[in-house]
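Peer 1: could you look at this predicted model? Sequence included:
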Amino acid sequence: MKRIISLLVSLSLLICTLSFSFNISAKEELFTKEQKEYYKSLGLQGTTVNVYNWGEYIADGSDGLMDAVKEFEKLTGAQVNYSNFESNENMYSKLAGGGVSYDLVVPSDYMVERLIDEGMLLPLDYNNIPNFDKYIRDDCRNIYFDPEQKYSVCFTTCTTALIYNKKLVKEKPTSWSVLWDEQYKNKVLMFNNSRDAFAIAQFILGQDLNTTNEQDWYDAAELLAKQKDAVNPVYVMDEVFNLMESGEYAFATYYAGDYELMVENNEDLDYCFPDEGVNDFYDAMCIPDCAQNKKGAEAFINFMMEPQVAFDNEEYIYYASSNKTVHQNEESSLYESEAVYPAEKPKSQEFKNLPQNILELENTLWGQVKSGQLSNRNKQQERGIYMSSLIIAVAVVIILIYSFIKKKRKSKEQDISDLYEN
């Protein structure tokens, strides 16, 4: 019996060893000899590439996928400092504030346009990004925010979506307006960034998402304030995953690709593209003017467009890759995804850069919405305080007038009394 057990243990160890050796061998074969020689020849050994990207937006070695950062480091000999941001606005503030040195950032369309307009991006040298001509989808070239293809390489595409819990929502929603329904009070997760949040209100109001009419923004802010009164939404970004997957919330506003990730952990979830429309967006890789290692950043862009890397990255983040080899790959988990690659494209609008006065107004109004300054409840409280203060002020004035008249009368009576005595 002991001999059998010993034999089984030995066999198991042998299998594990062979498996481990196979995995190492497989990893070594991720890239061709030509690819390895190309990245080695760039002379990036010992340099550092600072990458600033969205959270959960690059394959990290989990789920049997490659660790993209480590593979890049292995191929080039460079070190990658990788950090995350939660919103385009946070990323912009960090860059605009100065004192940072990022070599690569991954903003969304309208923010790319803003960074270009403000002279905050460096033009790309496509001699260092040969994979652009080889692999980028035709519809991901010369996009409206960078029509000359001078500053950016499209990374992913996707749309917003309304995600809901079928256990808490009995009928499939068709409109964003369900997010104002009081029966879902404390059960709504809302975008915690101004542009996406305002877009939902703008869709309901039938506005252009890029309107420059200030009154439109006031109207949209008023509608968001009414939502705060009606359902008390929780404003979230990446926290949406755990909260929605927990089954405690009825609705979440987020991105269609992320729905595919959430439903894997909670099969009670579903999604819809509301009739009013959704935001159709692009994220792109760019080099900010604070970059210290431009060549390293261009090598990283090129690396992310390698078919093997782009495929694993789409498998990890579940957003549509701009790489046409991934888009056409039937082995992709998203190949038949109606959320990410819908057969019939939903009604949509794209974000564009806004004039400075509108950006400032949007930021101010968003702060007032979140703080409750625009809510009817807050206005009623302020009105109550005002009325109370007014009543007190009137009462004080009446008392002062009464006291003055009484004093005058008493003084007059005293004068008459003194006159008679004389």
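Peer 2: Thanks, I have the structure now. Residues are numbered from 1 along each chain as shown.

Peer 1: what about residue 232, how many neighbours?
Peer 2: Applying other Cβ atoms under 10 Å, we find 16 residues neighbouring residue 232. Every C-beta, even on glycine, is put in place using the N, C-alpha and C of the backbone.

Peer 1: would you point out which residue is most central in the chain?
Peer 2: Nearest to the geometric centre of the chain sits residue 87, at 4.5 Å (Cα atoms, centre = their mean).

Peer 1: isn't that one right next to residue 236, touching?
Peer 2: No - applying Cβ atoms under 8 Å as the test, residue 87 and residue 236 come out as separate, 11.3 Å apart.

Peer 1: which residues do the two both contact?
Peer 2: Common contacts of residue 87 and residue 236 (Cβ atoms under 8 Å, 6 or more residues apart in numbering): residue 192.

Peer 1: how about residue 362: what's its closest non-neighbour residue?
Peer 2: residue 194 (5.5 Å; Cβ to Cβ, 6 or more residues apart in numbering).

Peer 1: can you pull the contacts of the one you found?
Peer 2: Contact analysis of residue 194 by Cβ under 8 Å, 6+ apart lists 89, 362, 363, 366.

Peer 1: check what pLDDT it gets.
Peer 2: Model confidence at residue 194, expressed as pLDDT, equals 96.

Peer 1: and what of residue 29?
Peer 2: Looking at residue 29, its pLDDT is 79.

Peer 1: same for the strand or helix carrying residue 224, what does it pack against?
Peer 2: Under the criterion of DSSP states H and E, residue 224 resides in helix 214-231. In this structure, helix 214-231 packs against strand 188-191, helix 194-205, helix 356-371, helix 376-421, with contacts taken as 3 or more Cβ pairs under 8 Å, 6 or more residues apart in numbering; DSSP states H and E.

Peer 1: does residue 180 touch residue 224 like I think?
Peer 2: No - with contact defined as Cβ under 8 Å, residue 180 and residue 224 do not form a contacting pair (9.6 Å).

Peer 1: who has more neighbours, these two?
Peer 2: residue 224 (26 against 21).

Peer 1: OK, contacts around that one?
Peer 2: Shown in contact with residue 224 (Cβ under 8 Å, 6+ apart): 197, 198, 201, 369, 374.

Peer 1: which residues touch stretch 226-239?
Peer 2: By Cβ under 8 Å, 6+ apart, stretch 226-239 touches 55-56, 86-87, 179-182, 184-193, 197, 201, 243, 249, 252, 369-370, 372, 375-377.

Peer 1: go with 6 Å
Peer 2: The contact list for stretch 226-239, computed with Cβ atoms under 6 Å, 6 or more residues apart in numbering, reads 55, 86, 180, 182, 184-186, 188-190, 192, 375-377.

Peer 1: would you mind measuring the gap between the ends of that stretch?
Peer 2: Counting by Cα to Cα, to the nearest Å, you get 24 Å between the two ends of stretch 226-239.

Peer 1: average pLDDT across it?
Peer 2: Mean pLDDT, stretch 226-239: 96.

Peer 1: residue 332 - how many residues pack around it?
Peer 2: 19.

Peer 1: same question, residue 79
Peer 2: 16.

Peer 1: and residue 202, by the same measure?
Peer 2: 25.

Peer 1: measure residue 246 to residue 187 for me?
Peer 2: Using Cβ to Cβ, to the nearest Å, we find residue 246 at a distance of 12 Å from residue 187.

Peer 1: ok, back up a step: which of the contacts of stretch 226-239 sit farthest apart?
Peer 2: Spatial extent of the contacts of stretch 226-239 (Cβ to Cβ) is set by the pair 55 and 376 at 34.7 Å.

Peer 1: so between those two, which is more surrounded?
Peer 2: Under the criterion of other Cβ under 10 Å, the comparison of residue 55 against residue 376 puts residue 376 first, with 14 against 11.

Peer 1: find me the pLDDT at the more buried one, would you?
Peer 2: Residue 376 is assigned a predicted lDDT (pLDDT) of 61.

Peer 1: about what we covered before: quick one: buried residues of the helix holding residue 224?
Peer 2: 216-217, 219-231 (16 or more other Cβ atoms under 10 Å).

Peer 1: C-terminal to it, what's the next element?
Peer 2: strand 234-236.

Peer 1: can you tell me the strand partners of that next one and which way each runs?
Peer 2: In the sheet, strand 234-236 lines up against strand 188-191 (parallel) (DSSP bridges).

Peer 1: tabulate the CA atom coordinates of the strand it pairs with in PDB.
Peer 2: This file holds the C-alpha atoms of strand 188-191, laid out as PDB (Å, rounded to 0.1, in the frame of the first residue of the first chain):
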ATOM      1  CA  VAL A 188     -29.100  52.900  -7.800                       C
ATOM      2  CA  LEU A 189     -25.400  53.100  -8.600                       C
ATOM      3  CA  MET A 190     -24.500  56.200 -10.600                       C
ATOM      4  CA  PHE A 191     -21.400  57.300 -12.500                       C
END
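
Peer 1: pLDDT (mean, whole number) over it?
Peer 2: For strand 188-191, the per-residue pLDDT averages 98.

Peer 1: quick one: low-confidence ranges for the stretch 301-422 of the chain?
Peer 2: 376-397, 402-422 (pLDDT under 70).

Peer 1: apologies, that question was intended for the stretch 1-150 of the chain.
Peer 2: If you take pLDDT under 70 as the line, the stretch 1-150 of the chain has these spans: 1-28.

Peer 1: one more time with 50, if that's ok
Peer 2: Applying pLDDT under 50 to the stretch 1-150 of the chain flags residues 1-27.
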